[in-house]
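*Asks:* when you get a sec, could you give me coordinates for this:
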Amino acid sequence: MQREAVRELADLGQQLRVDTVRAAAAANSGHPTSSMSAADLAAVLLARHLHYDFDQPDHPGNDRLILSKGHASPLLYAMYRAAGVVDDEELLTFRRRDSRLEGHPTPRLPWVDVATGSLGQGLPVGVGMALAGKRLEHAPYRVWVLSGDSEMAEGSVWEAAEHAGYEHLDNLTLIIDVNRLGQRGPTRHGWDLDAYARRLKAFGWHTIEVDGHDVEAVEAAFAEASATRSQPSAVIARTRKGRGVAQVEDREGQHGKPLPDADAAIEELGGPRFVRVEVSPPPAAPARRHPAGRQLDLPRFEAGDSVATRDAYGQALAALGSAREDVVALDGEVGDSTRTEFFAKAHPERFFECYIAEQQLVAAAVGLQARGYVPFAASFAAFLTRAHDFVRMAAVSRVGINLVGSHAGVAIGQDGPSQMGLEDLAMFRAVHGSTVLYPCDAHQTAQLVATMAELTGVRYLRTSRGGTPVIYGPDEEFRPGGSKVLRRGDRDRVTVVAAGITVHEALRAGELLDREVDVRIIDLYSVKPADAETLREAAQATGCLVTVEDHRVQGGIGDAVAEVFTDGRPVPRLVRLGVQHMPASASPEEQLHLAGIDAESIAAAVRLLVERAVVR
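*Replies:* Prediction:
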């Protein structure tokens, strides 16, 4: 590099430091020292290696930049100021109400693809983006992930590292800001750069160790990473937290605080600067165009046949993939159980095997969605709980992903409690803006799979292992927020509300109660949003509701129904049947009976409810 170019990069690094100090001072909060350590890395990346058209954030050739250490958001916003897309006035609105410059980055800014701040998520999501670029788009863009050293302790990082190495993602560069200090003190490996390099090399990465404040060395490292083929690259940079200000540089106890004397710090850094960076434009790349959608031919089943909803899911997903080339599928090495294998066989080029790494599974779905695809990711319902933080952050990122949990509830039988999804409805109902669906038969499942592809936000479909009777016709319509009243009469005294496997138990219970009690039965296939109108009508007509679910009683169908009556309306008598014990191995029929959610138990609960109503 020419001496003048080196000087300009160093000067830009100082500008980024000054701006992080100014932003944090204006907000009287934030993480300036974490931003200052990575300022030289950011300067070289922005001025020399990032290819991006800020006027066209969706340009197909744009590089993708993920600030995994999201608490260093002042640095990202300072980069945007240097690029000319955030002005000085907006920079100083950092962390204010209604500002786009939130404490941790979110897609409120058009140049932010995904929200960050929950550490250990940037690289896994970046793997999803890199997979899209390499396997689907065949586009020239590079994915850059700027990570802190503290978050390298997260298991999700190593799920991603292994996956990236296995997939030979040479369009992915991880930049590790090794500043030695975490929130409460030194990190596990301090400045031992080789400790990170050894681990990454073991997963098939090309690693480059560098002084993160030597802009010429950083420039060479980034160039080497970009030129590396068949391997993802990691630039492991030794830096100093709070670089450039003696009062805070490499000192403990300064994390997450504005500098004690911002004016003095700015003067020590050389004062404010107003350097404008002309970011390199992206290379020409064809716009990604999916062919016009073909007719969707969903599978059809014979009335009365016993079909597992997981089977219907697999067949419907394969059909959806034939109709829409933007649909992709991911699985966690259980595709023969979730039935995602049907899609894998029909559309292998759009199937992604994530193996037993549920965090990477969900993260890859987020990354693929950020590149414009419609992902369906599946595993056992029980195992998706492991990835809850990624689901939560997907909602913060405002991305739309479809998650499918199979083998739900005690109805799976002999496998026992470790395999039973009993908390999944509660988990997904609590996610902001989520849709939670629990079909009871094959046609309902197929229709809901097609519907999910058109929805926004996080969508969750719960499927069952065992076969259930086909009770709906192939042309029946199902919508989020809807339900189906399967049995009703003018003299109904109790309403039973069920979903999934318990719908069939409720229907059997209705038969057992014939000539005793008139029972209304509602299939609440949309658990969130719930069909408030139908539930309120039933409550008014019968006065008594019994909810029955193959799930813990907390947070599932019972709570969804109870919430319908929290707006001041009269509250009906409500009995909630669900799994309240710790299951063990037993047959599916025995499991349902032991949990008190089989037909006989439902009938007994209805009888008791009616008797008590008479006594009153």
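
*Asks:* can you pull the contacts of G270?
*Replies:* Applying C-beta atoms under 8 Å, 6 or more residues apart in numbering to G270 gives the contacts Q14, V18. C-betas here are computed from N, CA, C, even on glycine.

*Asks:* so what's it scoring on pLDDT?
*Replies:* Reported pLDDT at G270 in the predicted model: 97.

*Asks:* cool, R616 as well?
*Replies:* R616 is given a pLDDT of 53.

*Asks:* and H290, by the same measure?
*Replies:* 62.

*Asks:* again with R294
*Replies:* For R294, the model assigns a pLDDT of 86.

*Asks:* repeat that for the one 5 residues further on.
*Replies:* Confidence at P299, expressed as pLDDT, is 97.

*Asks:* that one touches A316, doesn't it?
*Replies:* Yes: at 6.1 Å, P299 and A316 qualify as touching, with contact defined as C-beta atoms under 8 Å.

*Asks:* between these two, which contacts overlap?
*Replies:* A446.

*Asks:* have a look at this protein and report its longest helix.
*Replies:* helix 3-27 (DSSP state H).

*Asks:* helices and strands around it, which ones?
*Replies:* helix 32-37, helix 39-44, helix 73-83, helix 88-91, helix 215-227, helix 262-268 (3 or more C-beta pairs under 8 Å, 6 or more residues apart in numbering; DSSP states H and E).

*Asks:* for the residue lying closest to G421 once chain neighbours are set aside, give me its contacts.
*Replies:* Leaving aside its sequence neighbours, G421 sits nearest to A381 (C-beta to C-beta, 6 or more residues apart in numbering; 2.5 Å). Residues in contact with A381 (C-beta under 8 Å, 6+ apart) are G405, S406, H407, A408, G421, D424, R462.

*Asks:* which of the helices and strands packed on helix 3-27 is buried the deepest?
*Replies:* helix 32-37 (a mean of 30; mean count of other C-beta atoms under 10 Å).

*Asks:* about what we covered before: out of the helices and strands packed on helix 3-27, nearest to T207?
*Replies:* helix 215-227 (9.5 Å; C-beta to C-beta).

*Asks:* picking that back up, turn the helices and strands packed on helix 3-27 into JSON lines, columns for distance to M1.
*Replies:* Converted to JSON lines, the helices and strands packed on helix 3-27 look like this (distance: least, C-beta to C-beta, whole Å):
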{"stretch": "helix 32-37", "distance to M1": "22"}
{"stretch": "helix 39-44", "distance to M1": "10"}
{"stretch": "helix 73-83", "distance to M1": "19"}
{"stretch": "helix 88-91", "distance to M1": "29"}
{"stretch": "helix 215-227", "distance to M1": "5"}
{"stretch": "helix 262-268", "distance to M1": "26"}
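
*Asks:* nearest to I471, of those helices?
*Replies:* helix 73-83 (51.6 Å).

*Asks:* now that closest one - C-alpha only, PDB.
*Replies:* Below are the C-alpha coordinates for helix 73-83, written out as PDB (Å, rounded to 0.1, in the frame of the first residue of the first chain):
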ATOM      1  CA  SER A  73     -23.500  -0.700  17.200                       C
ATOM      2  CA  PRO A  74     -21.900   2.800  17.500                       C
ATOM      3  CA  LEU A  75     -19.200   1.500  15.200                       C
ATOM      4  CA  LEU A  76     -21.700   0.300  12.600                       C
ATOM      5  CA  TYR A  77     -23.500   3.600  12.700                       C
ATOM      6  CA  ALA A  78     -20.200   5.500  12.400                       C
ATOM      7  CA  MET A  79     -19.500   3.400   9.300                       C
ATOM      8  CA  TYR A  80     -22.800   4.400   7.900                       C
ATOM      9  CA  ARG A  81     -22.000   8.100   8.600                       C
ATOM     10  CA  ALA A  82     -18.600   7.700   6.800                       C
ATOM     11  CA  ALA A  83     -20.500   6.100   3.800                       C
END
